[in-house]
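**Q** Any chance you can model this:
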Amino acid sequence: MKKFINDPTVVVDEALEGYVAAYPDSVEVLSDARVLVRKKDPSFAKVGVITGGGSGHKPAFLGYVGEGLCDAAAIGEIFAAPPAVWIYKGIKKINMGKGVICLYGNFSGDIMNFRMAKTLAEMEGIEVDEVIAKDDIASSPKDTMENRRAVAGEVIMWKVGGAAAAEGMNIKQIKDVASRAVFNTRSFGVGSFPCIIPATGKPSFKLEDDEIEIGIGHHGEPGIKKEKLKSADEITGVLLDAILEDLPFKNNDTVSVLINGLGATPFQELYIVNRKVTEILQKYKINKLITYVGEYFTSLEMAGFSITLTKVDDEIARLILAKADSPMFKQFDLNK
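**A** Numbering: from 1, shown residues only. Here you go, the predicted model:
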């Protein structure tokens, strides 16, 4: 294992310290909990937005704390849920009297700890609600969508929910639109090389040199099948055809597209994937609202990529195109 670290037991804290040192005008960490919060207060009292989860996915989760996105992120150990008490302290910190909405992924530890934190906050009179992303079509059949894990679709949930809060929507309105965005989001990924967790020094899974795993999870969870390495166009076709069938997406639908690298895939390869995605969408007469290509939700140094499509209506489209400004995700207001 070759990593540029010091002590593997403190990589999360040292990375977080370095992140805050890089962007001291934008974010800070609570003194008594590993929770990153916006340093600049919003211009008006609004619903607070908090997310959180395990480390190792940068820029998620801390990279999405900023204007038009999340107000706080609770940071767990590598691939592990943050403690409930940290989430609770984050909720208290960002509550502006309008309540707080929790936007996080469908993993058992996150669900348990966010709901414990929600209960603690509600005991103090804070209104708290939640939306849970569940976009990975490889992790459960369509008739049991509630069991699907979250992958890069969380980014779209944060974008929509954060923009809705920035517009001044109340907590019910934010929940409604973010839930609709989650329901309309589908992701599918492929892995070609594992990541190595610093504390163990061991690969998260094994593949032969000529193998890929279709449907790999962001923590190295098994996919649905192993195959021999194919061309970028062939792999993209397999993933996108499954996504299109799952909703299903239809002619004249409008979608946002997210081509996400898992940590060690060159941007050159991601753009080759996007080339094929564009070609297939044009074939089916599906319109693109916006395309994101890059590393938005990684898995340490895992090699591979995922494709995320979100079917948009007018409201979701407006919120996706709205301004966002965090150290690692910046977008002008594209509605203008």
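**Q** just the strands in the stretch 51-200 of the chain please.
**A** Assigned by DSSP state E, counting those that start in this stretch, the stretch 51-200 of the chain shows strands spanning 72-78, 100-105, 128-133, 185-193.
**Q** most neighbours per residue, which of the ones you listed?
**A** With neighbours defined as mean count of other Cβ atoms under 10 Å, the strands of the stretch 51-200 of the chain peak in mean count at strand 100-105, which reaches a mean of 28. Placement of C-beta: from N, CA and C, glycine included.
**Q** show me where the chain has helices.
**A** Secondary structure of the chain by DSSP state H: the helices cover 11-22, 84-94, 108-122, 153-166, 171-183, 232-246, 267-283, 314-321.
**Q** low-confidence ranges in the stretch 151-300 of the chain?
**A** Filtered on pLDDT under 70, the stretch 151-300 of the chain yields no residues whatsoever.
**Q** ok, and the closest non-adjacent residue to the most centrally placed residue in the chain?
**A** Centroid-nearest residue in the chain, with Cα atoms, centre = their mean: residue 154, separated by 3.2 Å. Once flanking residues are discounted, residue 154 sits nearest to residue 133: 4.4 Å by Cβ to Cβ, 6 or more residues apart in numbering.
**Q** and that neighbour, what are its bridge partners?
**A** residue 105 (DSSP bridges).
**Q** That one reaches residue 107, doesn't it?
**A** No. Residue 133 lies out of contact with residue 107 (Cβ atoms under 8 Å); the separation is 9.9 Å.
**Q** list the residues that contact both of the two?
**A** With contacts defined as Cβ atoms under 8 Å, 6 or more residues apart in numbering, the residues adjacent to both residue 133 and residue 107 are residue 150.
**Q** Tell me the buried residues in stretch 208-219?
**A** By 16 or more other Cβ atoms under 10 Å, the buried positions in stretch 208-219 come out as 212, 213, 214, 215, 216, 217, 218, 219.
**Q** Those residues into CSV, with extra columns for distance to residue 205?
**A** Converted to CSV, the buried residues of stretch 208-219 look like this (distance: Cβ to Cβ, whole Å):
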residue, distance to residue 205
212, 11
213, 7
214, 13
215, 12
216, 8
217, 10
218, 12
219, 10
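**Q** List the contacts of the residue lying closest to residue 295 once chain neighbours are set aside.
**A** Distances taken as Cβ to Cβ, 6+ apart put residue 261 closest to residue 295, at 4.5 Å, once the chain neighbours are dropped. Applying Cβ under 8 Å, 6+ apart, we find residue 261 in contact with 267, 270, 294, 295, 298, 304, 305.
**Q** Distance to residue 117 for the residues you listed - can I get that in a markdown table?
**A** Converted to a markdown table, the contacts of residue 261 look like this (distance: Cβ to Cβ, whole Å):
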| residue | distance to residue 117 |
| --- | --- |
| 267 | 37 |
| 270 | 35 |
| 294 | 31 |
| 295 | 29 |
| 298 | 25 |
| 304 | 32 |
| 305 | 33 |
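**Q** Export those residues as CSV, with columns for neighbour count and distance to residue 323.
**A** Formatted as CSV, the contacts of residue 261 follow (neighbours: other Cβ atoms under 10 Å; distance: Cβ to Cβ, whole Å):
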residue, neighbour count, distance to residue 323
267, 12, 24
270, 18, 25
294, 14, 18
295, 21, 21
298, 23, 24
304, 27, 31
305, 26, 27
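**Q** Domain map for the protein?
**A** 8-183, 185-331 (automatic domain parsing).
**Q** number of nearby residues for the nearest residue to residue 68 once chain neighbours are set aside?
**A** Nearest in space to residue 68, with sequence neighbours left out and distances taken as Cβ to Cβ, 6+ apart, is residue 324 at 4.0 Å. Using other Cβ atoms under 10 Å, residue 324 has 21 neighbouring residues.
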